[in-house]
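Q: give me a model of this one.
(chains A and B)
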2 protein chains.
Amino acid sequence: MIEENNSMPGCPVARGLESVGDAWSMLILRDAHAGMARFDQFRKNLGIAPTMLTKRLAALTDAGLLEKRSYSERPPRDEYVLTDAGRDFLPVLMMIGAWAQRNCSGDRLARYIDDETGQEIQPMAIDAVTGAQLGSRPMHMGLPPEAS
Amino acid sequence: MIEENNSMPGCPVARGLESVGDAWSMLILRDAHAGMARFDQFRKNLGIAPTMLTKRLAALTDAGLLEKRSYSERPPRDEYVLTDAGRDFLPVLMMIGAWAQRNCSGDRLARYIDDETGQEIQPMAIDAVTGAQLGSRPMHMGLPPEAS
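A: Model (predicted):
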């Protein structure tokens, strides 16, 4: 994780990366979206050291992307399930995957397939207001109106 | 960065994170999209240690997101400019920012404003094939057809 020690105050990218700004956190979220919830599932699938996994799960829980839920009283055992904010992170993961599919040539990467149409999904980010692809029109950063 | 030591072979998310899977790398890319190119610009804006910055710039150059370009012969000085793959990463950054705007309440975060309309941009990720918002329809992972 990173501290907000850069000179773009209120930068949403920096703020988002405070919550999920390392690869392990994002891979844990990916696995959670694939249905995993238990410590051993994450540990085995990721090949991550237990101490590191404990830290990352705690950080993601603190940041509000995962929620701890007990699934056994005796012995006491918790699982980690996605919150609304965690579920809302799926498009970011898919955009990272789509970027790799376009730009990391030489690798055979899996594709996202729509269950119903059987077609490959083509992730694209747009501005819901204008419908234009993000980055295709000039823009700037500004503080929200209610903050004036 | 993370090694591909997890049990989802060909996972595009894992592959993408090998290139950009830490917060510093993403903040350097953010600054590059904001027009910065020189070592001292990144260093000052991010408050990052020079040794760390050198490492991250080299990794992003190796991964093909930045390109080194000389801007002074004497003394010899390089700057770092976005490649096509680097420019293609902007939507990912904006999706991370938009996620934070929606989910990190309590912070006053800057907004993306369309220059022409003056309206706040609402980043949304869709499947260009069906037009549906990513995550709103059932899907699965599959290998690309040419790989059979």
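
Q: okay, now the unreliable bits of chain A?
A: Judged by pLDDT under 70, chain A has its weakly predicted residues at A:1-9, A:106-107, A:145-148.

Q: got the domain boundaries for it?
A: A:10-88, A:89-135 (automatic domain parsing).

Q: which ones are touching the residue nearest to the spatial centre of chain A?
A: For chain A, the residue nearest the mean C-alpha position is A:Phe89 (4.4 Å; Cα atoms, centre = their mean). The contact partners of A:Phe89, taken as Cβ atoms under 8 Å, 6 or more residues apart in numbering or on different chains, are A:Val20, A:Leu29, A:Leu65, B:Trp99. Any C-beta I mention is one placed from the backbone N, CA and C, and that applies to glycine too.

Q: chain A: helices as residue ranges?
A: Ranges of helices within chain A are A:12-20, A:23-33, A:39-46, A:50-62, A:84-87, A:90-103, based on DSSP state H.

Q: out of those, nearest to B:Tyr112?
A: helix A:12-20 (8.3 Å; Cβ to Cβ).

Q: now A:Gly135: phi and psi?
A: Main-chain dihedrals, A:Gly135, degrees, to the nearest 10: phi 90, psi -10.

Q: how much space between it and B:Ile121?
A: Distance, A:Gly135 to B:Ile121, using Cβ to Cβ, to the nearest Å: 10 Å.

Q: list the contacts of the nearest residue to A:Pro138 once chain neighbours are set aside.
A: The shortest distance from A:Pro138 to any non-neighbouring residue, by Cβ to Cβ, 6 or more residues apart in numbering or on different chains, is to B:Asp115 (3.9 Å). By Cβ under 8 Å, 6+ apart, B:Asp115 lies in contact with A:Arg137, A:Pro138, A:Met139, A:His140.

Q: was I right about the third one contacting B:Arg111?
A: No: between A:Met139 and B:Arg111 there is no contact under Cβ atoms under 8 Å: 9.9 Å.

Q: identify the contacts common to those two.
A: B:Ile121.

Q: A:Asp88 and chain B, how far apart?
A: A:Asp88 sits 6 Å away from chain B, going by Cβ to the nearest Cβ, to the nearest Å.

Q: now the residue with the largest distance to the centre of chain A: how far from A:Phe39?
A: Within chain A, A:Arg74 marks the point farthest from the mean C-alpha position, 32.1 Å out by Cα atoms, centre = their mean. In this view, A:Arg74 and A:Phe39 are 17 Å apart by Cβ to Cβ.

Q: any chance of CSV for the helices of chain A, columns distance to B:Pro50 and mean neighbour count?
A: Conversion of the helices of chain A to CSV gives the following (distance: least, Cβ to Cβ, whole Å; neighbours: other Cβ atoms under 10 Å in any protein chain shown):
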stretch, distance to B:Pro50, mean neighbour count
helix A:12-20, 20, 24
helix A:23-33, 23, 23
helix A:39-46, 32, 17
helix A:50-62, 27, 16
helix A:84-87, 35, 18
helix A:90-103, 28, 24
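
Q: dump those helices into JSON lines; add distance to B:Ala34 as well.
A: Formatted as JSON lines, these follow (distance: least, Cβ to Cβ, whole Å):
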{"stretch": "helix A:12-20", "distance to B:Ala34": "10"}
{"stretch": "helix A:23-33", "distance to B:Ala34": "23"}
{"stretch": "helix A:39-46", "distance to B:Ala34": "33"}
{"stretch": "helix A:50-62", "distance to B:Ala34": "27"}
{"stretch": "helix A:84-87", "distance to B:Ala34": "26"}
{"stretch": "helix A:90-103", "distance to B:Ala34": "19"}
